[in-house]
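Colleague: I'd like to go over a predicted model; first the sequence, then the structure.
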Amino acid sequence: MRPRDIALTNCRYAARDPMKIVFTVAALTPESGGPARTVSALSSSLADLGIAAEIITLAAGRRPDAPLMPANKNVKTVFVPCWKAPRFGVALAPAFGSTLRRRCAPDACLIHDNGAWLATNHAAAKVAREQKKTLVLSPRGMLTKWSLEYRSCKKRLAMFAYQRRDLETVSCFHASSEQEAEDLRSLGLTQPIAIIPNGVKIPLKKLIHREKNNTRTVLFLSRINPKKGLLNLVKAWAIIRPEGWRAVIAGPDEQNHKKAVIAAIRHEGLERQFAFTGMVPDEDKWRVFSNADLFVLPSYSENFGVAVAEALACGVPVITTKGAPWEMLPEKKCGWWIDIGAMPLAAALKEALSMSDGKRVAMGLRGRKLVMENFAWDTAAKQMTDVYHWLSGQAEKPGCIV
């Protein structure tokens, strides 16, 4: 019997028993990216539904005064002290694993891990095997085809050493799109997959207020990372060189990629048309989105693309690539879904920037309606709760399982 089958047969709870879910994630700081936001938001929404949710994460590299993604006050967060950054080294696993063992035994129904390749992920799989716990894994885009090809030598070695066994330990995967589910199947993984889109916080209308500015703005708000396709944005901008527009790049630098982006901007002589804001605090995020006329995310790969949903929620039309699962943008007439590359991006930018302000505003309003109707966090939490109850033997197989 495989580990995932053992987990399914050893986690049978009567419906009257409370359910405790232990989330594991490498970091909760805003600059660590999407998983910090999605794990915090999902656990908070689950707590609102009466699920006992707890988060275990690393305190490595976090200043005592550093902001965290806010979670519901009923969600307990446990920080594991460690001197190394979350992205490096299996030396983190013993401290993380011992904490997880204590927090899980004996009452946790299941472990919901997030990400892949990291020491925290290996520890979660190991504890699940030892304690015969059901393990749900949300890869958060780390097992997409692009991610597997990026630094592929290290990942092939990791897959051979531990990652394949850890993936086989999983009882059920969580994919935020059909595209991500297909990537998981391409790895030969046969376990059930729950396709549940991420939610997004819907800002109140009073928070969406555009400041007067004669210069129109194309906004990129995400991590400055090679995966995000910013070099293609620079090339596309150089092709069309729009007058009266500027590109604002907001977000934390990763892998020193900002240096390469700035070099490309200088090479094209576009210094006056590009601006960098650095990390945007969450309390300022809606203002930054609201002051944009267009949002662009030219990524090579996204399992969901939270920033796309956030831009739409603020009434801003979006251009993103087919590396992100947003094919509904042209269907709902609220944006562009294009091939990856500088030329397709230049064509979409030329069309979007030549539109009247009124047409772009109308597109943005349709986008806000799309998000409000389809991507609320309480909907995602209810679907995930159905998955948890099914894995625990308390409910029938939900319709989101493939």
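Modeller: The structure has been received and is ready for your questions.
Colleague: Could you find the closest non-adjacent residue to Phe276?
Modeller: Leaving aside its sequence neighbours, Phe276 sits nearest to Ile249 (Cβ to Cβ, 6 or more residues apart in numbering; 5.1 Å). No exception for glycine: its C-beta is placed from N, CA and C like everyone else's.
Colleague: So the one you found: helix, strand or coil?
Modeller: Of the three states, Ile249 takes strand under DSSP: H, G, I helix; E, B strand; the rest coil.
Colleague: OK, contacts around it?
Modeller: Listed by Cβ atoms under 8 Å, 6 or more residues apart in numbering, the contact partners of Ile249 are Phe220, Ile224, Leu230, Val261, Phe274, Ala275, Phe276, Thr277.
Colleague: next one: Ala309
Modeller: Going by Cβ under 8 Å, 6+ apart, Ala309 touches Asn198, Val200, Val371, Phe375.
Colleague: Show me what the residue nearest to Phe276 bridges to in the sheet.
Modeller: Note on Ile249: beta-bridge partners by DSSP bridges are Phe220, Phe276.
Colleague: May I have the predicted confidence score for it?
Modeller: If you check Ile249, the pLDDT there is 98.
Colleague: Out of the contacts of Ala309, name the ones that lie in helices.
Modeller: In helices, defined here by DSSP state H, the members of the contacts of Ala309 are Val371.
Colleague: Can you tell me the closest non-neighbouring residue to Ala59?
Modeller: Once flanking residues are discounted, Ala59 sits nearest to Phe79: 3.9 Å by Cβ to Cβ, 6+ apart.
Colleague: circling back: can you list the contacts of Ala309 in JSON lines and add neighbour count, distance to Val22 and pLDDT?
Modeller: Below are the contacts of Ala309 laid out as JSON lines (neighbours: other Cβ atoms under 10 Å; distance: Cβ to Cβ, whole Å; pLDDT from 0 to 100):
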{"residue": "Asn198", "neighbour count": "22", "distance to Val22": "20", "pLDDT": "92"}
{"residue": "Val200", "neighbour count": "25", "distance to Val22": "24", "pLDDT": "87"}
{"residue": "Val371", "neighbour count": "22", "distance to Val22": "30", "pLDDT": "94"}
{"residue": "Phe375", "neighbour count": "22", "distance to Val22": "25", "pLDDT": "90"}
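Colleague: Tell me which two of the contacts of Ala309 sit farthest apart.
Modeller: Greatest spatial distance in the contacts of Ala309: Asn198 and Val371, 11.1 Å, computed using Cβ to Cβ.
Colleague: Would you list the phi and psi of Ile111?
Modeller: Dihedral angles of Ile111 (phi, psi; degrees, to the nearest 10) stand at phi -110, psi 130.
Colleague: Who are the contact partners of it?
Modeller: Contacts for Ile111 (Cβ under 8 Å, 6+ apart) come out as Ile21, Val22, Thr24, Leu100, Cys104, Ala124, Val127, Ala128, Lys133, Thr134, Leu135, Val136.
Colleague: Between the contacts of Ile249, identify the one with the most neighbours.
Modeller: Tallying neighbours with other Cβ atoms under 10 Å puts Leu230 at the head of the contacts of Ile249, with 27 neighbours.
Colleague: doesn't Ala263 make contact with it?
Modeller: No: using Cβ atoms under 8 Å, Leu230 is not in contact with Ala263; the gap is 11.6 Å.
Colleague: pLDDT weak spots in the stretch 51-200 of the chain?
Modeller: The stretch 51-200 of the chain contains residues with pLDDT under 70 at 60-73, 83-94.
Colleague: Please, where are all the helices along it?
Modeller: Applying DSSP state H, counting those that start in this stretch to the stretch 51-200 of the chain gives helices spanning 93-104, 119-131, 145-149, 152-158, 164-169, 178-186.
Colleague: pull the CA atoms of the fourth one into CSV?
Modeller: Coordinates of the C-alpha atoms in helix 152-158 are reproduced here as CSV (Å, rounded to 0.1, in the frame of the first residue of the first chain):
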residue,chain,number,x,y,z
SER,A,152,16.7,22.0,-14.2
CYS,A,153,19.9,20.2,-13.2
LYS,A,154,19.3,21.0,-9.5
LYS,A,155,15.7,19.9,-9.7
ARG,A,156,16.4,16.7,-11.5
LEU,A,157,18.9,15.8,-8.7
ALA,A,158,16.3,16.8,-6.0
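Colleague: Which positions within it qualify as buried?
Modeller: Lys155, Ala158 (16 or more other Cβ atoms under 10 Å).
Colleague: from here on, count from 57
Modeller: Sure, I'll start numbering at 57, so the last one becomes helix 208-214.
Colleague: For the closest residue to Lys453 other than its chain neighbours, give its distance to Gly106.
Modeller: Excluding its sequence neighbours, the residue lying closest to Lys453 (Cβ to Cβ, 6+ apart) is Trp446, at 5.5 Å. For Trp446, the distance to Gly106 equals 17 Å [Cβ to Cβ, to the nearest Å].
Colleague: Also Thr190?
Modeller: Taking Cβ to Cβ, one finds Thr190 at 19 Å from Gly106.
Colleague: Could you look over the helices of the stretch 107-256 of the chain and pick the most buried one?
Modeller: Counting by mean count of other Cβ atoms under 10 Å, helix 175-187 has the highest mean neighbour count of the helices of the stretch 107-256 of the chain, with a mean of 23.
Colleague: Could you list every helix and strand that that helix packs against?
Modeller: Other elements packing on helix 175-187 under the criterion 3 or more Cβ pairs under 8 Å, 6 or more residues apart in numbering; DSSP states H and E are helix 59-65, strand 76-80, helix 149-160, strand 166-170, strand 190-194, helix 220-225.
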